[in-house]
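S.K.: Quick one, fold the following:
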Amino acid sequence: MRTARNGFSGIISPDEPPLWLRALSFGNENFVTQATIPLMFIKHLCIFGENNSTIAVIRSCYSTIRKRTEKLCEPLHTEDYVPQPVAYASPPKWHLAHTSWFFEEMILKHYLPGYKAFDPDFGFLFNSYYNAVGTRTFRADRGNITRPGVREVYTYRQHVDRHMLELLQDDEPDRKVHDLVILGLNHEQQHQELLVTDFKYALGHNPTFPVYHESANWIGQHNTQTGWLSIPEGLYTIGHKNDGFCFDNECNAHQVFLNDFEMSKALVTNSEYLAFMEDGGYDHFGWWLDEGWEWIRKEGIRSPMYWHRIDGEWHCFTLAGLQKIDPDAILAHISYYEANAFATWKGMRLPTEFEWEAASSELPWGVRWEWTNSAYLPYPGFKIAAGAVGEYNGKFMMNQMVLRGASAVTAVGHSRTTYRNFFHPQYQWQYSGIRLAK
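M.R.: Numbers count the residues shown, from 1 in each chain. Predicted coordinates for the structure are as follows:
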């Protein structure tokens, strides 16, 4: 029996920076040093979530993670905080308020004596999908929330932070508080990535392609390895296995039998995907799942998101502005439908999420969320928790596909080999890519 090892994939060699830092490669450079990254973009390393986490560590991590969310917003103009071009991409102002609402609603209202809500309307405005908490605004209407203003939302964050730090002065907090704070911090890290992908969508659909930050080309990474990794058949332990934090959808650990398979050590590059396009990739129905074929025809999809053909050359919008496609860079912003069609065209396939986890300790990963061929379903023994926190994952286990790994904009400390991301198969706006299997 082989066990897929837990943990972040870490350092490839003693002479190379860790994966989270390599994931911040800018422009056409393969690697950067920490000194070359603007301070605001350095991912703060904050290890927390173990069962023996001290309250001092949690306090420090709380402040660090909350500040990082606001740092990500510093290059935005006030007008950038409000638009919602599509229902699934929420405005920055909503993310800032919702992550604060989580701490207020799930913790402060129940565990800090005498706490008074900042504004009684915020529970309705900034609840996402927690029916147990109460009614909420429609997801597609988040961009209509022009009031409260941006300044008031930042004041709300300060209010919540002040009271959370007051609560965390207790050196022996209630165990439920301990666990909810760790969940809330992981929730905020999830929203940090969504914040980036959502404001990239808004900026990327602005006709002038405005620059967020000149150093924020987060799709310029190159592969560091090539070839194929062979994995023998056998029983593999899948799922979370240690005492560190995990989301409930990573449980329970269980054994899966896998036939022998191979996985590419490299992710698909722009030039490889261009070859698919030039071979009529979006014109031949035989390479597409039926729903995918209907999707590209209905929506007029002819390329990955943010690609534009200008004067006979392909360009791509990055948060550093519109740039010519780097043929050797790793492909990004691809849907499951496109990933599956490309794999079919190549005569290969996408890995299952179990194959991905079994091979992950021997692969470089962390610059793109990698589509798998696995539907998002519960593991054996999975149970939905009681109360609002039980709505976090379980009720979404239908009509979605699993992605594994992490991306160039995933918060440090938020990656592990058992992490199960999931999205509907047509979505392109995440930092998603393709790894082939055979």
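S.K.: quick one: the residue of the chain most remote from its centre and Q169, what's the gap?
M.R.: Distance from the C-alpha centroid of the chain, by C-alpha atoms, centre = their mean, peaks at G114 (35.9 Å). Look at G114 and Q169: by C-beta to C-beta, to the nearest Å, they are 15 Å apart. Bear in mind the C-beta positions are built from the backbone N, C-alpha and C, glycine included.
S.K.: where in the chain is pLDDT low?
M.R.: Scanning the chain for pLDDT under 70 picks out the ranges 1-53, 129, 131-133, 388-392.
S.K.: One more pass at 90, please.
M.R.: Per-residue confidence for the chain (pLDDT under 90) gives these ranges: 1-56, 123-124, 126-140, 170-175, 242-244, 383-398, 412-413.
S.K.: which residues of it fall in helices?
M.R.: Secondary structure of the chain (DSSP state H): helices located at 19-22, 55-73, 92-103, 109-111, 122-126, 150-167, 175-204, 270-278, 290-299, 336-345, 353-359.
S.K.: tell me what the longest one is packed against?
M.R.: What that stands for is helix 175-204. Other helices and strands packing on helix 175-204, by 3 or more C-beta pairs under 8 Å, 6 or more residues apart in numbering; DSSP states H and E, are helix 55-73, helix 92-103, strand 313-318.
S.K.: Pick the most deeply packed of those.
M.R.: Of the helices and strands packed on helix 175-204, the one with the most neighbours on average (mean count of other C-beta atoms under 10 Å) is helix 92-103, at a mean of 24.
S.K.: Let's see it as PDB, backbone CA atoms only.
M.R.: Only the C-alpha atoms of helix 92-103 are listed here, as PDB (Å, rounded to 0.1, in the frame of the first residue of the first chain):
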ATOM      1  CA  PRO A  92     -14.100  43.800  -3.700                       C
ATOM      2  CA  LYS A  93     -16.300  45.700  -1.300                       C
ATOM      3  CA  TRP A  94     -18.500  42.700  -0.700                       C
ATOM      4  CA  HIS A  95     -15.500  40.400  -0.100                       C
ATOM      5  CA  LEU A  96     -14.100  42.900   2.500                       C
ATOM      6  CA  ALA A  97     -17.500  43.000   4.300                       C
ATOM      7  CA  HIS A  98     -18.400  39.400   4.000                       C
ATOM      8  CA  THR A  99     -15.200  38.100   5.600                       C
ATOM      9  CA  SER A 100     -15.800  40.400   8.500                       C
ATOM     10  CA  TRP A 101     -19.400  39.400   8.700                       C
ATOM     11  CA  PHE A 102     -18.200  35.800   9.100                       C
ATOM     12  CA  PHE A 103     -16.300  36.600  12.300                       C
END
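S.K.: What are the structural domain limits within this structure?
M.R.: Domain assignment of the chain by automatic domain parsing yields the ranges 39-204, 228-433.
S.K.: Just put those in CSV and tack on distance to N217.
M.R.: As requested, those are exported to CSV (distance: least, C-beta to C-beta, whole Å):
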stretch, distance to N217
domain 39-204, 11
domain 228-433, 4
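S.K.: Those: which one's closest to E214?
M.R.: Distance to E214, taken as C-beta to C-beta, is lowest for domain 228-433 among the domains of the chain, at 5.5 Å.
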